[in-house]
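Novice: Fold the following and give me the result.
(one chain, ligands or ions: 2)
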Amino acid sequence: MKLKLAVLPGDGIGPEIMEQGLAVAKAISVKFGHELSYDYAICGADAIDKVGDPFPEDTFKLCMESDAVLFASVGDPKFDNNPKAKVRPEQGLLAMRKKLGLFANIRPVTTFDCLVHKSPLKDELVRGADFICIRELTGGMYFGEKYEADDKAYDTNYYTRPEIERILKVGFEYAMKRNKHLTVVDKANVLASSRLWRKIAQEMAPQYPEVTTDYMYVDNAAMRMIQEPRFFDVMVTENTFGDILTDEGSCITGSMGLLPSASTGEHTPVFEPIHGSWPQAKGLNIANPLAQILSVAMLFEYFDLKEEGGLIREAVNASLDQNVRTPEIQVEGGAKYGTKEVGAWIVDYIKNK
Ligand code: IPM
Ligand code: MN
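Specialist: Ligands and ions are numbered 1, 2, ... in the order given. I've put the predicted structure just below:
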């Protein structure tokens, strides 16, 4: 098939891991006879420096004209701890989500057996944990009315019925495709917005009689995730809770550098690692490219190209098995591979398959 990508490397380690992700996308396209084309666009701090806008109109246009967006990361320390900064790189990410209507953020929390020892949790708790967090991405406090003054500030956790219905539908449908267990995470004992979520979920649940639906307060869910991560199959939640819980989820698997995500909705879907721009590692060739590479797998799978996605996953697993790993996950005494070397190894694996 023909695939036109918008490539947004962003800041920090973004360009380095993107290079590897793109190399994998190219190798897969050659192998399976797809016609891949792509264009680069700027975003984040890079775009603020160049044109004063973290998600410029040209970038938006390119995204809209493409079949998918491959995104790496944004963020730069010069904007952190500066509450006076007028524009921030992160605003580019939020603008992209809003303008592309990316209301559903799919974040799989998958454990790799060979990395279980890296998890802060006990081996027997975390081994085999495998769930998906579906995070609402264009509503809630992130986008509700805000007020900010010296003596008072607020954010509004605003949700409408259609916004809640469409994301819960994604949750139920994912549960149907997996182990038919959906956990709706909210704070209905305190928040009005959560009570609406729960009410709508309860209305919808009978349409999915095969799915076991349970409801969990977010504080309890945060606890359960470390006590018994295998409890979860599919979890669906609002924007802010999903942000927090997926950071927790990524660290229980042992490495944040391994988790990809897909954001889908009204317009072009976006595929990106869940980790940030790790500015301290920029240019050092030490960042793990696997989350970016697995995001490419999710991209192909989104277009129903399962074999393509499968081969990428197989190559990633093989690289881990053979200890072709970046320093943060390398076994003791193992050779330390750089971002480029891991990427090149995976590309070779795909070519030779
Ligand atoms: C994420 C990030 C973003 C978020 C930041 C960078 C705005 O933490 O994608 O999880 O809070 O959504
Ligand atoms: Mn986050």
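Novice: CA only for contacts and neighbour counts going forward, please
Specialist: Will do.
Novice: gap between the residue nearest the centre of the chain and Leu70?
Specialist: Most central in the chain under C-alpha atoms, centre = their mean is Ser261, positioned 2.8 Å from the mean C-alpha point. To Leu70, Ser261 is 11 Å away according to C-alpha to C-alpha, to the nearest Å.
Novice: Could you do His181 as well?
Specialist: Distance, His181 to Leu70, by C-alpha to C-alpha: 30 Å.
Novice: what's the closest residue in space to Ile252 that isn't next to it in sequence in contact with, if anything?
Specialist: Setting aside the residues directly before and after it, Ile252 is nearest to Ser119 in space (C-alpha to C-alpha, 6 or more residues apart in numbering), at 5.4 Å. Neighbouring residues of Ser119 by C-alpha atoms under 8 Å, 6 or more residues apart in numbering: Val126, Cys251, Ile252, Thr253, Gly254, Ser255.
Novice: Show the contacting residues for the fourth one.
Specialist: The contact partners of Thr253, taken as C-alpha under 8 Å, 6+ apart, are Val109, Thr110, Thr111, Phe112, Leu115, Val116, Lys118, Ser119, Val126.
Novice: Just the pLDDT for it.
Specialist: For Thr253, the pLDDT comes out at 86.
Novice: wouldn't Val126 be in contact with Gly254 here?
Specialist: No. Taking contacts as C-alpha atoms under 8 Å, Val126 lies outside contact range of Gly254: 9.3 Å.
Novice: joint contacts of these two?
Specialist: Counting by C-alpha under 8 Å, 6+ apart, the contacts common to Val126 and Gly254 are Thr111, Val116, Ser119.
Novice: which of those lies closest to Asn220?
Specialist: The nearest member of the shared contacts of Val126 and Gly254 to Asn220, counting by C-alpha to C-alpha, is Ser119 at 20.6 Å.
Novice: What separation is there between the closest one and Phe112?
Specialist: Distance, Ser119 to Phe112, using C-alpha to C-alpha: 10 Å.
Novice: For the closest residue to Arg178 other than its chain neighbours, the count of nearby residues, please.
Specialist: Closest residue to Arg178 apart from its sequence neighbours, by C-alpha to C-alpha, 6+ apart: Asp233 at 7.4 Å. Neighbour count for Asp233, taken as other C-alpha atoms under 10 Å: 21.
Novice: before we move on, what about the one 4 residues further on?
Specialist: By other C-alpha under 10 Å, the residues close to Thr237 number 25.
Novice: For it, give me phi and psi.
Specialist: phi -160, psi 170 (degrees, to the nearest 10).
Novice: Isn't it up against Ile134?
Specialist: Yes. Applying C-alpha under 8 Å as the test, Thr237 and Ile134 come out as touching, 6.4 Å apart.
Novice: returning to what we had before: which of the contacts of Ser119 ranks first by neighbour count?
Specialist: Result: Thr253 is most packed of the contacts of Ser119 (other C-alpha under 10 Å), 28 neighbours.
Novice: That residue and Gly310, how far apart?
Specialist: Counting by C-alpha to C-alpha, the gap from Thr253 to Gly310 is 20 Å.
Novice: what do you get for Ala287?
Specialist: Ala287 is 23 Å from Gly310, by C-alpha to C-alpha.
Novice: before we move on, the earlier item: identify the contacts common to Ser261 and Leu70.
Specialist: By C-alpha under 8 Å, 6+ apart, Ser261 and Leu70 have these common neighbours: Phe271, Glu272, Ser295.
Novice: Of these, which is the nearest to Ser37?
Specialist: Comparing these against Ser37 with C-alpha to C-alpha places Phe271 closest, at 16.1 Å.
Novice: The closest one contacts Val69, correct?
Specialist: Yes. With contact defined as C-alpha under 8 Å, Phe271 reaches Val69; the gap is 6.2 Å.
Novice: before we move on, the earlier item: as JSON lines, the shared contacts of Val126 and Gly254 with secondary structure would be great.
Specialist: Below are the shared contacts of Val126 and Gly254 laid out as JSON lines (DSSP: H, G, I helix; E, B strand; the rest coil):
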{"residue": "Thr111", "secondary structure": "coil"}
{"residue": "Val116", "secondary structure": "helix"}
{"residue": "Ser119", "secondary structure": "coil"}
